[in-house]
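Novice: Have a look; sequence and predicted model below, questions after that.
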Amino acid sequence: MGFFDSVKDIAGKFGESVERGAKTVSDNSKKFAEKNKIKRELSSIESSINNDYIVLGKAMFEKICNDTDSEFAETISGIKEKNQKLEELKNTLMSLEDKSSCPNCGAQVSKDQVFCDKCGQKIASEVTAEVTDVVETSGEEVTASSEDSENE
């Protein structure tokens, strides 16, 4: 029976070792999950604070943007120049993408759209006018062609 007892003893030790390993993995997984949860919460709070700073900064900018004697006059001037350049670049990009701005809400719309997706405003488009002219011209040509063929 000595052999079976030694095999049983080895199996018992192996089982205990596996159990300790599983417990360690489980504890480490719980710790890892808790750390990630805390990191996500930290990131969320930091992001919220940064958004609050942005809102506060914009409000302050709007409050003092016309004060040429402000200690921030140079920064304000820089922001205004950058906003102007930003608008120019946006307009250039929209032109290259065949888009325009809704006259009502300012949303980007394709030049061939009849109504704005965001607010429903009817879009007076040059493209729509051109298409109408082409259709009317084509209709006249067809009429003239069919009259010519009838005369022949």
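Specialist: Nice, I can see it.
Novice: Burial check on Gln113, number of neighbours?
Specialist: As a burial measure, Gln113 scores 17 neighbours (other CB atoms under 10 Å). For every residue, glycine as well, the C-beta is placed using N, CA and C.
Novice: Do I have it right that it meets Gln121?
Specialist: No - at 10.3 Å, Gln113 and Gln121 do not qualify as touching, with contact defined as CB atoms under 8 Å.
Novice: neighbours of Ser100, just the number please.
Specialist: Going by other CB under 10 Å, the residues that sit close to Ser100 add up to 19.
Novice: And what about it, helix, strand or coil?
Specialist: Secondary structure state of Ser100, per DSSP: H, G, I helix; E, B strand; the rest coil, is strand.
Novice: and it, bridged to which residues?
Specialist: Beta-bridge pairing of Ser100 under DSSP bridges involves Val109.
Novice: Kindly provide the whole-number mean pLDDT of the longest helix seen in the chain.
Specialist: Determined from DSSP state H, the single longest helix within the chain is helix 2-64. Throughout helix 2-64, pLDDT has a mean value of 89.
Novice: What's the first helix or strand after it?
Specialist: helix 73-96 (DSSP states H and E).
Novice: List the buried residues of that next one.
Specialist: Using 16 or more other CB atoms under 10 Å as the test for burial, helix 73-96 gives Ile76, Met94.
Novice: what's it packed up against?
Specialist: helix 2-64 (3 or more CB pairs under 8 Å, 6 or more residues apart in numbering; DSSP states H and E).
Novice: Grab the nearest non-local neighbour of Gln113.
Specialist: Ile123 (5.6 Å; CB to CB, 6 or more residues apart in numbering).
Novice: Check what pLDDT the one you found gets.
Specialist: On the pLDDT scale, Ile123 gets 85.
Novice: ditto for Glu141
Specialist: 43.
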